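Novice: fold the following.
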Amino acid sequence: MVVLLFSQTICAINYVKGAISNDTLNYFESKKVLQEIEKYENDNNISINKIAVYYDANPTYVYDNVKSAGDMNPRAFGYIWSYRAALNTRIKRTLNDGASAKSMEDYCKSKDWQSFNDEQIKFVNDTLHICIY
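Specialist: Take a look at the predicted model:
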């Protein structure tokens, strides 16, 4: 009984550590996206108020080295259905759904990124187009 309790405690601790790591990585990714949005807005004198989200060829649903199982500790930015809401919450703005572009969808699907980088962000007028790696 003691061994079972001990192993369950260790497992729970690993999931909690994973949740903290996951949250930190989500924070840094959203901060980078916000910096790119603000740079684009300042350089072009236009406000970004829409977002279109795409998958790359092989999306990553969990950050490396983060303990995950089922719905426990997925990347907030790993799914099209959650990306906009997660980003809006993090950057304290409201980006509405924007129209997707076939050329951007094709571009994203032709890539297989292993981490977040500037190549995944494109702006067209008032819309942020972003690829999920």
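Novice: use CA for all of it now, contacts and neighbours both
Specialist: Noted.
Novice: residue boundaries of the strands in the protein?
Specialist: 50-55, 96-97, 121-124, 127-132 (DSSP state E).
Novice: next, format those strands as CSV and append mean pLDDT, mean neighbour count and distance to Thr24.
Specialist: CSV is the format used below for those (pLDDT from 0 to 100; neighbours: other C-alpha atoms under 10 Å; distance: least, C-alpha to C-alpha, whole Å):
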stretch, mean pLDDT, mean neighbour count, distance to Thr24
strand 50-55, 97, 23, 22
strand 96-97, 96, 14, 25
strand 121-124, 97, 16, 21
strand 127-132, 97, 24, 18
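Novice: how about the ones you listed in JSON lines, adding distance to Asn44?
Specialist: Shown next, in JSON lines, are the strands of the chain (distance: least, C-alpha to C-alpha, whole Å):
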{"stretch": "strand 50-55", "distance to Asn44": "16"}
{"stretch": "strand 96-97", "distance to Asn44": "20"}
{"stretch": "strand 121-124", "distance to Asn44": "10"}
{"stretch": "strand 127-132", "distance to Asn44": "13"}
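Novice: among the ones you listed, which comes closest to Lys31?
Specialist: strand 121-124 (13.2 Å; C-alpha to C-alpha).
Novice: touching the closest one from outside, list them.
Specialist: Strand 121-124 has contacts (C-alpha atoms under 8 Å, 6 or more residues apart in numbering) with 33, 40, 128-131.
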